[in-house]
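K.L.:
the sequence and its predicted three-dimensional model are supplied below.
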Amino acid sequence: MLTVLAAQDFGYVTADQIVKTLTRSLETIGKLKRHEGHRFNWYAIRTNTPLGPRYVSTALSVAVLLQSTFRAQQTPAYRGKSTRVAQHAD
C-alpha cells in the first residue's frame, strides 16, 4: 500500500486512482480467510487461499492498519474512508 504513496509522489497516479486501488485492495484483504481473527502470512494470488505452511501473524494485521491510516493522512480524498479501512483491518 505504501508503494501507491510513492507512485503519487512521482505523479504516476491521481488521488482518485489511489482511492479506487486501495479500496479494492482492502476489500480483498477483508475477504481473506483468517485464523482466530488474524490473517495468514501467505495467500495464493489467483485464489486468495492460504498457502502452506500456514503461519498466522498478528503483526500483519497491525501493518495493514498502520499503512492504511498513514495513507489516509497523506491523501485528502482518502481521509473520509479511514473508518472503512479500520473495519477491514479487524
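P.N.:
That came in fine, so what should we check first? Numbers count the residues shown, from 1 in each chain.

K.L.:
can we go C-alpha only for contacts and neighbour counts from here?
P.N.:
Fine.

K.L.:
any regions of this protein where pLDDT drops low?
P.N.:
Low-confidence segments of the chain, defined by pLDDT under 70, span residues 1, 60-61, 68, 71-90.

K.L.:
report the separation between the residue nearest the centre of the chain and residue 19.
P.N.:
Most central in the chain under Cα atoms, centre = their mean is residue 26, positioned 4.5 Å from the mean C-alpha point. Between residue 26 and residue 19 the computed distance is 10 Å (Cα to Cα, to the nearest Å).

K.L.:
please apply the same query to residue 31.
P.N.:
Summarising the geometry, the distance separating residue 31 from residue 19, computed by Cα to Cα, is 18 Å.

K.L.:
higher neighbour count, the two?
P.N.:
More neighbours sit around residue 19 than around the other of residue 31 and residue 19, counting by other Cα atoms under 10 Å; the figures are 20 against 10.

K.L.:
what strand or helix carries that one?
P.N.:
Using DSSP states H and E, residue 19 sits in helix 15-31.

K.L.:
which parts of that helix are buried?
P.N.:
Of the residues in helix 15-31, those with enough neighbours to count as buried (16 or more other Cα atoms under 10 Å) are 15, 18-19, 22-23, 26, 30.

K.L.:
beta partners of residue 56?
P.N.:
On the basis of DSSP bridges, residue 56 takes part in beta bridges with residue 40.

K.L.:
ok so, going back, counting by contacts, list what the helix holding residue 19 packs against.
P.N.:
With contacts defined as 3 or more Cα pairs under 8 Å, 6 or more residues apart in numbering; DSSP states H and E, the secondary structure elements packing on helix 15-31 are helix 82-89.

K.L.:
thinking again about what came up before, how far does the helix holding residue 19 sit from the chain's center?
P.N.:
Distance of helix 15-31 from the chain centroid (Cα atoms, centre = their mean, to the nearest Å) equals 7 Å.

K.L.:
partner strands of the next helix or strand after that helix, with direction?
P.N.:
Remark: after helix 15-31, the chain's next helix or strand is strand 34-35, criterion DSSP H and E. Using DSSP bridges, strand 34-35 pairs in its sheet with strand 38-39 (antiparallel).

K.L.:
just give me how far the partner strand sits from the chain centre.
P.N.:
With Cα atoms, centre = their mean as the basis, the distance from the averaged C-alpha position of strand 38-39 to the chain average is 13 Å.
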